[in-house]
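> Dropping the sequence and predicted coords here.
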Amino acid sequence: MNERPGPWTESPPAPVAAGDGLWTTPVRGKVAVAAVAWVLAYVAAVVVVVIVGLFALRTVGSGPPPSAPLALVVILGTAGAALAAVRIHLLGRHGLRWADLGLRRPDRSPLHLLWQIPAVMLAGATASALVLVPLGLGEDAGATDEDALADLVTGGPVVVVLGLLAVAAIVPLMEEVVFRGIVLPAFRARYRAALGITLAGLVFAVVHLIPPAMPYLVVVGISLCAMAEWYRSIVPGIVLHGVNNAVVFASIMAATAVL
């Protein structure tokens, strides 16, 4: 008698052995590609809705909305859309849990973050200095980030608080779920640890589309992948990611206040 087909369109791969990769997860191959595609589709839909809304306001003669709330809506909207896509099209469709994407208790003590966070940020800053300064790009290294967050910083106390929450908590959660919970296991199911971690980290850096920040993002991306592998959890990476984003946000606030 034929077995009843499960939710997979193909036979699920064998679990990853404990010493060979991340936590046991079926997120790889076509499943991972489809999940990332849905994430991109949902994010694009939010962007299209915002653009259409702006054109509609212009058509009826209304002025553009304040830039600070608009920036907040875009950040929260795209992050929420990405997490919704993961919940609906990956977890819901394949009967998985958030723990299968690494939202689980770390296998090692989170106290290691006390040295890992400053070490990763210092390594990223050093890589940026070594690459950008000889090219004469050191002064412009953070310009793109500043342009992206300046609206939030100048939007008043409420927007600043909500913006900090968005960039230091919501965005890191979304990016770690996607890049370390989906992309990294997909690469690690196909390649050995060093190559899989490096490729997943490079994808993280490239997707941000910030060339001046690329050296820093490469170091941080690879480090976050290595941490997910080491902890067998993405939770410590969310903390490091959040601290990093909070420091960037605070530095832009300080620079704006000086100006």
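Done, it's in. Numbers count the residues shown, from 1 in each chain.

> Which of the helices or strands spans the nearest residue to V167 once chain neighbours are set aside?
Nearest residue to V167, sequence neighbours excluded (Cβ to Cβ, 6 or more residues apart in numbering): N245, at 4.6 Å. (Glycine included, C-beta is placed from N, CA and C.) Per DSSP states H and E: N245 is located in helix 235-258.

> what comes up buried for that helix?
235-246, 248-249, 252-253 (16 or more other Cβ atoms under 10 Å).

> distance of the residue nearest the centre of the chain from L195?
By Cα atoms, centre = their mean, the chain has its centre lying nearest to E175, at 1.9 Å. Using Cβ to Cβ, to the nearest Å, E175 is found at 22 Å from L195.

> cool, A71 as well?
37 Å.

> what ranges do the strands span in the stretch 51-200 of the chain?
Ranges of strands within the stretch 51-200 of the chain: none, based on DSSP state E, counting those that start in this stretch.

> Flag the shaky bits of it, pLDDT-wise.
Applying pLDDT under 70 to the stretch 51-200 of the chain flags residues 136-148, 150-151.

> Tell me which stretches of it form helices.
67-86, 93-94, 113-132, 143-153, 157-165, 171-175, 184-188, 193-207 (DSSP state H, counting those that start in this stretch).

> okay if I get those as TSV plus distance to L54?
As requested, the helices of the stretch 51-200 of the chain are exported to TSV (distance: least, Cβ to Cβ, whole Å):
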stretch	distance to L54
helix 67-86	8
helix 93-94	33
helix 113-132	34
helix 143-153	14
helix 157-165	18
helix 171-175	22
helix 184-188	35
helix 193-207	24
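
> from these, which stretch is densest packed?
Ranked by mean neighbour count, these are led by helix 184-188 with a mean of 26 (mean count of other Cβ atoms under 10 Å).

> what distance separates that one from the centre of its chain?
15 Å (Cα atoms, centre = their mean, to the nearest Å).

> Then stretch 42-56?
21 Å.

> ok, residues contacting it?
64-65, 70, 73-74, 77-78, 81-82, 84-85 (Cβ atoms under 8 Å, 6 or more residues apart in numbering).

> Which residues are in contact with the residue nearest to the centre of the chain?
Contacts of E175 (Cβ under 8 Å, 6+ apart): 204, 241.

> how much space is there between it and I51?
For E175 relative to I51 (Cβ to Cβ), the value is 23 Å.

> same question, M253
28 Å.

> gap between the two ends of stretch 167-187?
Distance across stretch 167-187, first residue to last, is 26 Å (Cα to Cα, to the nearest Å).

> With stretch 52-65 instead?
End-to-end distance (Cα to Cα), stretch 52-65: 13 Å.

> same thing with stretch 58-72?
Stretch 58-72: ends 20 Å apart by Cα to Cα.

> Give me the residues contacting it.
Here stretch 58-72 makes contact (Cβ under 8 Å, 6+ apart) with 50, 54, 57, 148-149, 151-152, 154-156, 159, 162-163, 166.

> out of the residues you listed, which one sits closest to I210?
A148 (8.3 Å; Cβ to Cβ).

> Quick check: the gap between L132 and A205.
With Cβ to Cβ as the criterion, L132 and A205 are 14 Å apart.

> One more: L57?
Taking Cβ to Cβ, one finds L57 at 35 Å from A205.

> quick one: A194 and R188, what's the gap?
Distance from A194 to R188, by Cβ to Cβ: 10 Å.
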